[in-house]
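Asks: Need the 3D shape of this:
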Amino acid sequence: MALTQRQRTILNAVTERYIRTGAPVPSKDVAAMTGLRVSSSTVRSELAELEEQGYLTHPHTSAGRIPTDVGYRELVDQLMGIAPQRLGASGAVAPEEFTGEVETALRQATEAMSRATNLLALALAPRVSGARLCHMELLALHPNQLMYVFIVSTGGVMKGTLEFAQPIDPGLVEWARTYMNEMLDNRTLTARLVRRVLDNPELTPHEAAFLHKLTPALEKLVDEHNQEELFIGGASRLLSEPRLEDVRSLGDLYSLLEERFMLLGVLRLALGTGGVLVRIGTEHETLALKPFSVVAASYGLPQRRLGSVSLVGPTRMDYEKAIGTVRDTAQLLSSLVGDRYE
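Replies: Sure thing, here's the model as predicted:
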C-alpha cells in the first residue's frame with residue numbers, strides 16, 4: 001500500500017530524528033517536527049498505521065517510535081531518487097587525498113571515508129594477475145574416484161577428490177593429465193583461460209565430457225589463487241561508535257571482520273551496478289550481515305568496472321552522508337585509475 005504524503009512526511013521525521021539522536025520519538029513531538037497542521041489524534045492515528053504497515057515499531061520500554069528496516073528503506077529510496085547534483089557533494093573526500101599508486105589511493109580512500117562517517121570502510125582493488133599453474137596431477141584412487149593435485153607458482157598445493165557415476169577410464173585420465181599440463185603450464189590462472197581449455201572445439205565429445213567433470217576443482221583453483229585485494233579502514237572508529245548499541249553485540253562486528261570472503265561478497269555486489277547500492281539489515285541474505293547496513297559503489301572505466309568501495313555500519317546510520325561519501329569516492333577513484341587501465 002502506497003504511503004500518503006502526510007505519512008511519508010511523518011515517517012521521514014521519525015527516521016531522521018532517530019538516526020540523529022538514537023532515542024525513540026514520542027508522538028507528541030512529531031507534529032511540531034513536521035509542521036503539519038493536524039491534531040494530535042491524527043498524528044497518533046498515522047503513526048499507528050505506519051506501524052501496522054511495518055515502517056515503524058516501538059521498544060517495549062517506551063511509547064516512542066523507531067524505524068524498522070522497511071522504514072529505513074523508504075528514506076533511502078527517496079535519497080536514491082534525488083539526482084546527484086541536487087543531493088550535493090559530500091565534501092568528505094578531497095581529490096588531493098589520493099596520491100601515488102592505486103593501492104596507496106585505496107588505503108587513503110578507506111581512511112578518508114571512515115574518518116568522514118565513523119563507519120567501517122572497504123575498498124576492493126582491481127583484480128591483478130593471479131598465480132601460475134606449475135603442475136597438475138590426476139590419480140585414479142578407486143574405479144569411481146579421481147584425485148587431483150594442483151601445484152601453483154606461489155608454492156601452494158590444492159588437492160581433492162571427485163566421484164564419478166561410472167568407472168573411470170585410466171587412458172582418459174592419463175590423456176587429461178597431459179592435456180591440462182600442456183594447456184595450463186606456467187600460465188596465469190584465470191576463469192577465461194580455464195573456460196577456453198575446457199571448451200576447446202578440437203576435443204571429442206568424450207574428452208570434453210570428462211574434462212567438464214573437473215570444472216568444480218578448476219573453478220575453486222582460480223578463485224583461491226586469483227583473489228582481489230581487500231582494504232579495510234576505520235574498524236577502531238566503528239567499535240567506538242555509539243550507534244553500535246543498536247547491534248546485538250560487538251561479536252557481530254568481530255565476526256564480520258574475520259570473514260574475508262563475506263566482505264568480498266559485499267563489494268562484488270556493487271560491481272554489477274552503475275550507481276550506489278544500499279542493503280539494509282534484514283535485506284542481506286548472509287546472517288552475519290543482518291545487524292548492519294551496506295552502502296557501496298563501483299569505480300573504473302565506463303565500459304569496465306574495476307573495483308568498488310563500501311561503508312558498513314549499524315542500520316541507524318546517516319544514509320545521506322554515507323551515500324554521498326561512497327558516490328564521491330567512487331567517482332574520484334574512477335578518475336584516478338582511468339589513465340592506468342585504458
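Asks: Do a quick rundown of the strands in this protein.
Replies: All strands of the chain, identified by DSSP state E, fall at 56-57, 66-67, 120-124, 133-142, 145-152, 157-163, 230-233, 276-280, 292-301, 304-314.
Asks: From the contact counts, what lies against the second one?
Replies: Right, strand 66-67. Packed against strand 66-67, as judged by 3 or more Cβ pairs under 8 Å, 6 or more residues apart in numbering; DSSP states H and E, are the following elements: helix 5-21, strand 56-57. To be clear about C-beta, it is placed using only N, CA and C from the backbone, and glycine gets the same treatment.
Asks: related to what we said a few turns ago, any chance of the strands of the chain in JSON lines, with distance to residue 101 too?
Replies: Conversion of the strands of the chain to JSON lines gives the following (distance: least, Cβ to Cβ, whole Å):
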{"stretch": "strand 56-57", "distance to residue 101": "48"}
{"stretch": "strand 66-67", "distance to residue 101": "42"}
{"stretch": "strand 120-124", "distance to residue 101": "13"}
{"stretch": "strand 133-142", "distance to residue 101": "28"}
{"stretch": "strand 145-152", "distance to residue 101": "25"}
{"stretch": "strand 157-163", "distance to residue 101": "30"}
{"stretch": "strand 230-233", "distance to residue 101": "13"}
{"stretch": "strand 276-280", "distance to residue 101": "26"}
{"stretch": "strand 292-301", "distance to residue 101": "15"}
{"stretch": "strand 304-314", "distance to residue 101": "14"}
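Asks: Next, the contact list for the spatially most central residue of the chain, please.
Replies: Taking Cα atoms, centre = their mean, the centroid of the chain lies closest to residue 266, which sits 1.3 Å from it. Taking Cβ atoms under 8 Å, 6 or more residues apart in numbering as the contact definition, residue 266 lies against 122, 289, 294, 296, 310, 312.
Asks: hmm, back to that, among the helices and strands packed on strand 66-67, which comes closest to residue 275?
Replies: Nearest to residue 275 among the helices and strands packed on strand 66-67 is helix 5-21 (21.7 Å), distances taken as Cβ to Cβ.
Asks: about what we covered before: among the helices and strands packed on strand 66-67, which is the most enclosed?
Replies: strand 56-57 (a mean of 20; mean count of other Cβ atoms under 10 Å).
Asks: List the strands paired with that one, with their directions.
Replies: If you go by DSSP bridges, strand 56-57 pairs up with strand 66-67 (antiparallel).
Asks: now, which of the contacts of residue 266 sits nearest residue 111?
Replies: Within the set of the contacts of residue 266, residue 122 lies nearest residue 111; the separation is 11.9 Å, counting by Cβ to Cβ.
Asks: Pull the number of nearby residues for the closest one.
Replies: 26 (other Cβ atoms under 10 Å).
Asks: Okay, now the unreliable bits of the stretch 201-342 of the chain?
Replies: 224-228, 237-251, 254, 258, 338-342 (pLDDT under 70).
Asks: which residue ranges form the helices in it?
Replies: Ranges of helices within the stretch 201-342 of the chain are 205-212, 215-225, 235-239, 250-258, 260-271, 319-341, based on DSSP state H, counting those that start in this stretch.
Asks: my read: residue 30 touches residue 43, true?
Replies: Yes - under the criterion of Cβ atoms under 8 Å, residue 30 makes contact with residue 43 at 5.1 Å.
Asks: Those two: which has the busier surroundings?
Replies: residue 30 (24 against 20).
Asks: what's the pLDDT at the more buried one?
Replies: pLDDT recorded at residue 30 is 86.
Asks: how much space between it and residue 63?
Replies: Using Cβ to Cβ, to the nearest Å, one gets 12 Å for the distance from residue 30 to residue 63.
Asks: Show me which parts of stretch 160-169 are buried, residue by residue.
Replies: The neighbour-count criterion (16 or more other Cβ atoms under 10 Å) identifies 162, 168 as the buried residues of stretch 160-169.
Asks: what does stretch 56-74 give?
Replies: Residues 56, 58, 64-74 are the ones in stretch 56-74 that count as buried (16+ other Cβ under 10 Å).
Asks: Pick the most deeply packed of the strands of the chain.
Replies: Neighbour counts (mean count of other Cβ under 10 Å) averaged over each of the strands of the chain peak at strand 120-124, with a mean of 27.
Asks: For the closest residue to residue 276 other than its chain neighbours, list the residues it contacts.
Replies: Take residue 276 and drop its neighbours on the chain: the residue closest to it by Cβ to Cβ, 6 or more residues apart in numbering is residue 297, 4.7 Å away. Remark: with contacts taken as Cβ under 8 Å, 6+ apart, residue 297 is in contact with 270, 273, 275, 276, 277, 308, 309, 310, 326, 327, 329, 330.
Asks: now for these, which pair is the farthest apart?
Replies: Largest separation among the contacts of residue 297 by Cβ to Cβ: 273 and 329, giving 15.1 Å.
Asks: Who has more neighbours out of the two?
Replies: Neighbour comparison, residue 273 and residue 329: the larger count goes to residue 329, with 29 against 13 (by other Cβ under 10 Å).
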